[in-house]
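# Give me a 3D structure for the following:
(one chain, ligands or ions: 1)
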Amino acid sequence: MGYRISRREFTRLLAGLPFLPMAGESLSNDPLRRGTSISAPNILILVFDALSAKHLSLHGYPRRTTPNLDRFAEQATVFHAHYSAGSYTTPGVASLFTGVYPWTHRALNLHGTVAHPYEDRNLFSAFGPAGYHRVGFSHNLFVTSLMYQARRHLDLLIPARELCLSDDELADRLFPHDYNVAFWSEWILMRKGYSPPVSLFISLLDRVRRPRRQAVLEAEHRASFPRGLPTMHNLYFILEEAIDYILESTAQSPQPYLAYYHLLPPHEPYTARREFVGLFDDGWAPEPLPPGAFSGGHTQETLNRKRVEYDEYVAYVDAEFGRLIDTMSRTGALDNTMLIVTSDHGELFERGIAGHMTPALYDSLIRVPLIISRPGQRRRRDIHTPTSSVDLLPTLLQASGQEAPDWCEGRVLPSFGPETNAGDRSLFVVEAKSNPKMAPLTKASIALINGSRKLIHYLGYPECPDSWELYDLTDDPGERHNQYSPSDPVAETLRSELEYRVNQATVALSEQ
Ligand SMILES: [Zn+2]
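The predicted model follows:
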């Protein structure tokens with residue numbers, strides 16, 4: 001890391017500077033520093049954790065969850081069949097960072113990290129030569145962990161505590177050079193029943209004071225957040241602060257910048273602000289599907305209730321996003337910034353499954369939004385070709401006049417490069433959280449998407465041993481009718497391709 005500043009230092013810095021300079025102005029450094037042209041766009045990537053494309057009114061969801069994303073889309077490019085390469089945070093974000101599939105970067109496991117070569121093969125390293133000021137922040141410490149692996153390529157890695165109401169994370173302060181080892185240790189202790197993240201150091205004291213402080217925080221914010229405060233790893237935060245911080249810090253940043261902000265909402269617990277609570281008490285629910293092999297035993301009633309709370313939370317996230325784009329539009333910041341909105345995975349409320357920690361790979365879980373507004377874009381474009389999170393890295397490089405590195409497995413997104421990225425390729429989603437990191441895949445679920453076809457293979461799960469599912473997403477978007485038959489030539493072709501890619505990944509593993 002080049003340097004880092006604390007929130008307090010940042011606030012002091014702001015105090016002496018005008019708020020929100022006009023687009024193109026750089027208050028703190030020369031735009032030609034490190035040989036960069038002023039025409040290189042700023043790149044702001046916003047990831048809202050667990051935001052399912054299937055729940056957005058932008059993509060036809062019956063509830064009006066995203067009026068602000070709908071508005072933003074009118075001056076952006078909207079990808080209607082965009083898939084995360086992973087089904088939960090770690091593999092999904094690692095693929096977005098590296099431009100390769102999980103079976104290549106190997107951040108497969110809960111709190112996994114990428115294989116050694118990918119510490120230097122990622123979005124942040126790729127933008128170094130062009131002189132971009134590279135910034136990363138995440139509420140989700142699993143993502144912080146991935147960014148920590150890439151920290152030598154970040155100019156500023158903002159600690160989670162800078163945007164938290166509580167200030168508990170100690171690992172990075174006590175072990176600045178061994179963050180991941182310290183965090184892992186805390187994680188292991190938590191699995192044994194201790195509470196992270198400070199359990200390793202002051203667990204006894206912490207177990208006394210944490211519930212008390214939590215109660216105080218909850219009480220302070222009860223009027224605005226009747227369902228509680230957004231929380232993860234025992235950190236508490238509110239989205240409004242993060243949005244304010246993004247607006248302030250990007251306005252004051254050296255330019256051009258590449259900023260990655262990973263915000264936890266709408267990840268569970270679903271704790272919308274008061275005005276969104278009750279917004280969808282409409283009695284609506286989709287036609288239920290019978291519990292499947294990976295059912296968590298949730299009743300339909302429970303799933304419907306959770307769905308309502310999630311949808312409210314999505315509407316809250318959308319409203320805060322609306323505030324962000326309105327401010328960036330007013331100040332002219334959108335005229336020299338490429339703004340990307342996406343997610344790392346979705347959420348499921350069907351077949352007895354709630355959330356995203358499941359081997360199942362249905363579209364609500366793996367289809368995520370991708371909306372990109374280019375600097376000054378005024379017209380909407382809609383792309384229906386299936387695309388993957390591994391495509392983002394080559395696309396952003398292309399959009400800033402750079403070439404994709406040869407290790408990247410993604411393609412430049414349609415409408416961002418030569419129109420050769422037709423829908424003829426297959427893309428993949430890989431879930432292997434229980435598989436050893438550097439071993440061939442023997443316990444995994446893998447989806448292949450090609451055009452409107454989607455093949456899912458469950459491998460090594462006792463609930464569903466070595467099984468295959470095939471859906472036509474055009475005729476059957478709810479994935480209700482498994483059409484798989486080994487004698488069907490379409491199924492056979494797709495299956496051969498999936499098996500070939502799994503074998504290739506095994507061969508590549510032996511060469512690492
Ligand atoms: Zn996530």
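# need the residues of the stretch 51-200 of the chain near the ion, please.
Residues of the stretch 51-200 of the chain lying close to the ion (C-beta under 5 Å from the ion) are Thr89. Bear in mind the C-beta positions are built from the backbone N, C-alpha and C, glycine included.
# Helices of the stretch 51-200 of the chain, residue ranges please.
67-73, 89-98, 102-105, 123-126, 141-149, 171-174, 179-191, 199-221 (DSSP state H, counting those that start in this stretch).
# contacting residues around the third one?
Which is helix 102-105. Outside of helix 102-105, the residues within contact range by C-beta atoms under 8 Å, 6 or more residues apart in numbering are 85-86, 91, 94-95, 98, 108, 114-115, 118, 409, 430-432, 441, 501-502, 505, 508.
# Show me which residues of the stretch 251-400 of the chain are close to the ion?
Checking the stretch 251-400 of the chain against the ion by C-beta under 5 Å from the ion, the hits are Asp344.
# State which one residue of the stretch 251-400 of the chain is found closest to the ion.
Of all residues in the stretch 251-400 of the chain, Asp344 sits closest to the ion, at 4.3 Å by C-beta to the ion.
# what pLDDT does the closest residue to that residue other than its chain neighbours get?
Take Asp344 and drop its neighbours on the chain: the residue closest to it by C-beta to C-beta, 6 or more residues apart in numbering is Gly92, 3.7 Å away. You'll see Gly92 listed with a pLDDT of 98.
# quick one: contacts for Gly92?
Taking C-beta under 8 Å, 6+ apart, one finds Ser84, Ala85, Gly86, Asp344, His345, Ser389 in contact with Gly92.
# rewinding a little: just the ones in strands from the contacts of helix 102-105, please.
Val430, Glu431 (DSSP state E).
# hang on, the earlier thing: now do the residue of the stretch 251-400 of the chain closest to the ion against Asp391, distance only.
Per C-beta to C-beta, to the nearest Å, Asp344 is found 15 Å from Asp391.
# Specify the local secondary structure of the residue nearest to Leu163 when sequence neighbours are not counted.
Excluding its sequence neighbours, the residue lying closest to Leu163 (C-beta to C-beta, 6+ apart) is Ala242, at 5.2 Å. With DSSP: H, G, I helix; E, B strand; the rest coil as the basis, Ala242 sits in helix.
# ok now stretch 251-261, how far from the chain's centre?
19 Å (C-alpha atoms, centre = their mean, to the nearest Å).
# Show me which positions of stretch 143-158 end up buried.
Of all the residues in stretch 143-158, those buried under the rule 16 or more other C-beta atoms under 10 Å are 143-151, 153-158.
# ok, which pair from those is furthest apart?
Ser145 and Asp155 (18.8 Å; C-beta to C-beta).
# Report the mean per-residue pLDDT for the lengthiest helix in the chain.
In terms of residue count, the longest helix belonging to the chain (DSSP state H) is helix 300-331. Taken as a whole, helix 300-331 carries a mean pLDDT of 98.
# Determine how far that helix lies from the middle of the whole chain.
Relative to the chain's own centre, helix 300-331 is displaced by 15 Å; criterion: C-alpha atoms, centre = their mean.
# What's the mean pLDDT across the helix or strand that it is followed by?
Where DSSP states H and E defines the elements, the next helix or strand beyond helix 300-331 is strand 337-342. Strand 337-342 shows a mean pLDDT of 98.
# which outside residues touch strand 337-342?
Contact partners of strand 337-342, identified using C-beta under 8 Å, 6+ apart, comprise 23, 41-48, 69, 72, 76, 82, 96, 250, 321, 325, 328, 368-375, 389, 392, 396, 399.
# Now, those residues that are in helices?
If you go by DSSP H, the contacts of strand 337-342 have Leu69, Phe72, Leu96, Thr250, Phe321, Ile325, Met328, Leu392, Leu396, Ala399 in helices.
# Ends of stretch 128-139, what's the gap?
End-to-end distance for stretch 128-139: 24 Å, by C-alpha to C-alpha, to the nearest Å.
# ditto for stretch 146-155
Start-to-end, stretch 146-155 (C-alpha to C-alpha) is 15 Å.
# quick one: it to chain centroid distance?
The answer for stretch 146-155 is 17 Å, by C-alpha atoms, centre = their mean.
# do you know how far Pro291 is from Glu74?
40 Å.
# Comparing the two, which residue is more hemmed in?
A direct count of neighbours by other C-beta atoms under 10 Å for Pro291 and Glu74 places Pro291 higher, at 16 against 12.
# Skipping adjacent residues, who's closest to the more buried one in space?
Computed as C-beta to C-beta, 6+ apart, the closest residue to Pro291 that is not its neighbour in sequence is Gly352, at 3.4 Å.
# Show the pLDDT at the one you found.
Note on Gly352: pLDDT of 97.
# Can you pull the poorly scored residue ranges out of the stretch 401-512 of the chain?
Scanning the stretch 401-512 of the chain for pLDDT under 70 picks out 419-423.
# Now the stretch 101-250 of the chain against the ion: closest residue?
The stretch 101-250 of the chain approaches the ion most closely through Asn140 (6.1 Å), counting by C-beta to the ion.
# Pretty sure that residue sits against His262.
Yes: shown here, Asn140 and His262 form a contact pair, counting by C-beta atoms under 8 Å, at 5.8 Å.
# Quickly list what's touching both of those two.
Taking C-beta under 8 Å, 6+ apart as the contact rule, the neighbours common to Asn140 and His262 are Asp49.
# dump the residue contacts of the nearest residue to Tyr257 once chain neighbours are set aside.
If the residues on either side of it in the chain are set aside, Tyr257 comes closest to His133, at 4.3 Å by C-beta to C-beta, 6+ apart. Neighbouring residues of His133 by C-beta under 8 Å, 6+ apart: Asp155, Leu156, Ser253, Pro254, Gln255, Pro256, Tyr257, Leu258.
# correct me, but the residue nearest to Pro291 touches His298?
Yes: under the criterion of C-beta under 8 Å, Gly352 makes contact with His298 at 5.3 Å.
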